[in-house]
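Engineer: structure for this input, please:
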Amino acid sequence: MKDLMLKSLAIIIILLTSYSLPAVYDADSSSCFLGSRDLYLLAVAQDYDGRYTGVATKAYVSMMPGNGVIYLSVEPMAQIDMQASLNVGLLIASYVSKINVSNYDFLVRIVSDTPIIGGPSASGFLTAAIASLLLNQSIRNDTVMTGMIMPDGLIGPVGGIPQKLQAAYSIGAKYMLIPAGQRYSTDLNTGKQVDVVAEGERLGIKVVEVASIYDALRSLGIKISEPEKTQPYIDPDINNKILRWAENLNLTYQSIKNIVEGYRINPQIRSVVNYYIATAQNLSERAFKSFSEGDYYSAASDYYSAVIYLDTARWIIEIYVNMTRYNDLYNMITFEFNNTMNSYRSLVDALRREGSIDLSKMIVLNEIAYRVYEAETTLNMIPRPPIQYLTIDDIYNAVYTLWRINSSMTWMDLYNYVKPSEVVIPIDHIKRSSNLLISYVQTLYTYLSSLGVSISGISNINRLINEARMAYMSQDYIGSSALSIYLTALVSSYLHEMFTTNITQTLNSIKEISLKYLGDLKSRGYDISIPSLYIFRGESISNIDPMSSIFYYELAIADTMWLSLFTSSKPVKYTTQPSTSPILNTTSEISIITSSTTETTKTEQILSTTISLSEIILLVMIPAVIILIVIIIRSWKKH
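Structural biologist: Next up is the predicted model:
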């Protein structure tokens with residue numbers, strides 16, 4: 001009898017332990033995803049004969065709880081430019097959706113039956129897929145896309161579009177999105193230009209050009225709130241301050257000009273000196289024109305450049321006559337730099353102790369920071385006395401460093417002058433964002449390097465990235481973020497320089513999106529004066545130097561994008577949404593599946609269902625078990 005009672009107690013214990021803990025994970029691994037998208041990417045493959053063919057490659061994009069990381073699995077190939085472009089796409093998707101991705105991870109799995117030529121050409125479509133997951137919206141299942149995502153949200157040019165059009169036809173696509181300006185694309189096999197819009201009509205495919213991620217999302221059937229354009233505006237007090245900068249720089253230019261005109265130039269250096277004098281004169285005339293038109297920042301910028309060129313001419317003359325004058329120049333630079341860096345660090349240390357900074361103040365401090373650190377970078381590049389040999393470039397870089405330091409102090413004066421916005425950002429928030437920015441700009445640099453780009457000035461990017469890392473390690477989070485924002489604009493302009501097929505169209509697209517991003521910043525109630533300065537500057541030189549114009553527009557975009565991301569955080573709320581897009585069927589019985597119905601997280605469904613079942617079982621079993629235990633104990637006592 002005792003053995004029977006012991007067995008009964010054992011059964012009770014097993015039953016209790018079996019049902020007291022609810023299961024929280026389904027055997028189906030997909031249950032950990034918040035949502036997923038299945039789509040076809042268009043790629044190009046090369047056969048053994050060297051002929052190129054279009055390939056439709058399956059891709060699976062999934063979102064899950066996490067820490068803002070994107071994972072990539074590519075079979076049978078993977079290239080670093082694809083990983084880098086995906087990291088860029090993740091940030092763009094975060095910006096356009098207005099959702100902070102730091103609480104989510106993404107898995108992108110690409111499967112191909114044949115080795116494909118790697119590259120970032122699919123990054124635009126993948127960015128759209130990520131945005132659709134964040135926005136909890138389905139994407140059209142009859143549309144495919146090719147185009148690389150750019151750091152400013154534009155869709156950049158790609159190759160092999162005629163071949164990719166054939167791939168789109170093979171899977172029954174009805175629409176194909178391509179980058180704006182690439183209607184006439186080169187056939188990789190024949191080398192001839194193909195009108196892909198006309199060719200698409202012949203195949204029954206409507207080819208649509210898209211300029212930005214917003215255009216792409218709309219064409220994919222996603223309802224997206226695109227910022228409205230606004231015209232640049234500068235606060236009158238700030239504008240008056242910049243007017244004084246322009247006037248003072250003009251006076252400095254005239255003063256140096258009087259000195260140079262009094263020198264007797266040695267014939268051996270006359271041609272070099274005359275080049276710098278003539279360049280300075282042209283810049284001065286352009287500055288005068290901008291000033292007369294009321295564009296004081298452009299005037300100040302051109303007077304500033306004119307001063308650098310003319311002062312370089314002056315120092316070339318003086319150093320050629322007496323080499324020890326370089327010692328004087330170098331000592332002047334180091335003295336001014338140490339004073340400026342000490343003032344900057346004192347300000348940053350005070351803000352770190354306070355634990356926060358006003359948004360308007362931070363915008364100006366960003367301008368100070370990247371100038372100070374850029375001056376430090378160029379200072380480390382110039383020769384340190386004593387030396388016996390100098391190049392013209394050494395002298396120019398030394399003079400540039402001197403005036404970059406001067407520019408930092410000018411902005412320092414504006415920092416003390418600018419009105420607070422009453423929008424306070426915690427330093428800890430800037431710390432987290434700064435770390436993200438450094439990773440982002442490293443991604444852009446890796447992206448640029450992986451493409452084998454050869455552009456003058458690119459070697460300096462890595463030095464500035466290291467400066468950003470060092471600033472972060474020294475707890476100057478404002479400085480590291482400022483450098484990264486500046487570098488974002490610089491790398492973006494290099495990418496456009498490399499890939500642009502129609503400079504006028506690219507310039508107009510970038511200007512258009514800069515005005516929209518400016519409108520987004522304005523709609524949040526923030527001062528738009530600083531990014532407006534860069535838009536005015538870009539506009540003033542668009543006909544003279546379009547690539548430099550693009551850089552200034554990119555500066556405005558980088559400023560507005562990152563300020564918006566600094567001040568926004570919005571979680572994803574998932575609800576069940578049926579797909580409204582029809583399933584595509586073709587005569588070849590091939591279908592494109594570019595969206596899966598977004599559902600409430602399976603994990604949450606399983607968890608809630610299992611918990612409810614467990615509660616019911618426990619409510620029924622516990623009283624029964626108690627009664628059984630009482631009966632057993634009584635029986636025990638009787639025996």
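
Engineer: now do the helix or strand hosting Arg404: distance to the chain's middle.
Structural biologist: Using DSSP states H and E, Arg404 falls within helix 392-417. On the basis of C-alpha atoms, centre = their mean, to the nearest Å, helix 392-417 sits 27 Å off its chain's mean C-alpha point.

Engineer: and for stretch 551-567?
Structural biologist: Per C-alpha atoms, centre = their mean, the displacement of stretch 551-567 from the mean C-alpha position of its chain is 9 Å.

Engineer: rewinding a little: direction included, what does the next helix or strand along the chain from the helix holding Arg404 pair up with?
Structural biologist: Scanning forward in sequence from helix 392-417 by DSSP H and E, the next helix or strand is strand 424-426. As defined by DSSP bridges, the strand partners of strand 424-426 come to strand 356-358 (antiparallel).

Engineer: got any ranges where the stretch 101-250 of the chain has weak pLDDT?
Structural biologist: For the stretch 101-250 of the chain, applying pLDDT under 70 flags the ranges 114-119.

Engineer: which parts of it are helices?
Structural biologist: For the stretch 101-250 of the chain, the helices defined by DSSP state H, counting those that start in this stretch occupy 123-135, 161-170, 196-203, 213-219, 236-261.

Engineer: need the winner for burial among these.
Structural biologist: Counting by mean count of other C-beta atoms under 10 Å, helix 123-135 has the highest mean neighbour count of the helices of the stretch 101-250 of the chain, with a mean of 28. In this view, the C-beta of every residue, glycine as well, is placed from N, C-alpha and C.

Engineer: could I get it in CSV with only the CA atoms?
Structural biologist: Output of helix 123-135 as CSV, limited to C-alpha atoms (Å, rounded to 0.1, in the frame of the first residue of the first chain):
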residue,chain,number,x,y,z
SER,A,123,20.2,47.8,-51.8
GLY,A,124,17.4,50.2,-52.9
PHE,A,125,14.8,47.3,-53.0
LEU,A,126,16.1,45.8,-49.7
THR,A,127,15.9,49.2,-48.0
ALA,A,128,12.3,49.5,-49.2
ALA,A,129,11.6,46.0,-47.8
ILE,A,130,13.0,47.0,-44.4
ALA,A,131,11.0,50.2,-44.4
SER,A,132,7.9,48.3,-45.2
LEU,A,133,8.5,46.0,-42.2
LEU,A,134,9.0,49.1,-39.9
LEU,A,135,5.9,50.7,-41.3
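
Engineer: what packs against it?
Structural biologist: For helix 123-135, the packing partners by 3 or more C-beta pairs under 8 Å, 6 or more residues apart in numbering; DSSP states H and E come out as strand 35-46, strand 52-65, helix 80-97, strand 104-111, strand 143-145, strand 148-149, strand 175-179, helix 213-219.

Engineer: contacts for stretch 169-178 next, please.
Structural biologist: 40, 42, 54, 56, 124-125, 140, 142-147, 155, 158, 161, 164-165, 168, 185, 196, 200, 203-210, 216, 219-220, 584-586, 588, 590-592 (C-beta atoms under 8 Å, 6 or more residues apart in numbering).

Engineer: got a PyMOL select line for the buried ones in the residues you listed?
Structural biologist: With 16 or more other C-beta atoms under 10 Å as the criterion, this PyMOL line picks the buried residues out of the contacts of stretch 169-178:
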select buried, resi 40+42+54+56+124+125+140+142+143+144+145+146+147+155+158+161+164+165+168+185+196+200+203+205+207+208+209+210+216+219+220+584+586+592
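
Engineer: closest to Trp403 out of the helices and strands packed on helix 123-135?
Structural biologist: Among the helices and strands packed on helix 123-135, helix 80-97 comes nearest to Trp403, with 33.4 Å by C-beta to C-beta.

Engineer: what residues sit buried inside that closest one?
Structural biologist: Counting neighbours by 16+ other C-beta under 10 Å, one finds that the buried residues in helix 80-97 are 81-97.

Engineer: for the helices of the stretch 101-250 of the chain, give me TSV that also has distance to Gly35.
Structural biologist: Shown next, in TSV, are these (distance: least, C-beta to C-beta, whole Å):
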stretch	distance to Gly35
helix 123-135	5
helix 161-170	25
helix 196-203	31
helix 213-219	16
helix 236-261	45
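
Engineer: and the lowest mean pLDDT element among the helices and strands of the protein?
Structural biologist: Ranked by mean pLDDT, DSSP states H and E, the weakest helix or strand in the chain is helix 602-638, scoring a mean of 45.

Engineer: quick revisit: mind listing what's buried along the helix holding Arg404?
Structural biologist: Neighbour count says helix 392-417 has 394-412, 414-415 buried, by 16+ other C-beta under 10 Å.

Engineer: out of the helices and strands packed on helix 123-135, flag the one nearest Asn266.
Structural biologist: helix 80-97 (50.2 Å).

Engineer: what is the burial count for Leu533?
Structural biologist: Applying other C-beta atoms under 10 Å, we find 26 residues neighbouring Leu533.

Engineer: in what helix or strand does the closest residue in space to it that isn't next to it in sequence lie?
Structural biologist: Nearest non-adjacent residue to Leu533, counting by C-beta to C-beta, 6 or more residues apart in numbering: Tyr297, 4.4 Å away. Using DSSP H and E, Tyr297 sits in helix 296-321.

Engineer: now for that helix, which elements pack on it?
Structural biologist: Using 3+ C-beta pairs under 8 Å, 6+ apart as the contact test, the elements touching helix 296-321 are helix 236-261, helix 270-292, helix 325-354, helix 392-417, helix 529-540.

Engineer: for the helices of the stretch 101-250 of the chain, which one sits closest to Ile544?
Structural biologist: Across the helices of the stretch 101-250 of the chain, Ile544 has its closest neighbour in helix 236-261 (18.2 Å, C-beta to C-beta).

Engineer: OK, contacts around Asp358?
Structural biologist: Neighbouring residues of Asp358 by C-beta under 8 Å, 6+ apart: Pro420, Ser421, Glu422, Val423, Val424, Ile425.
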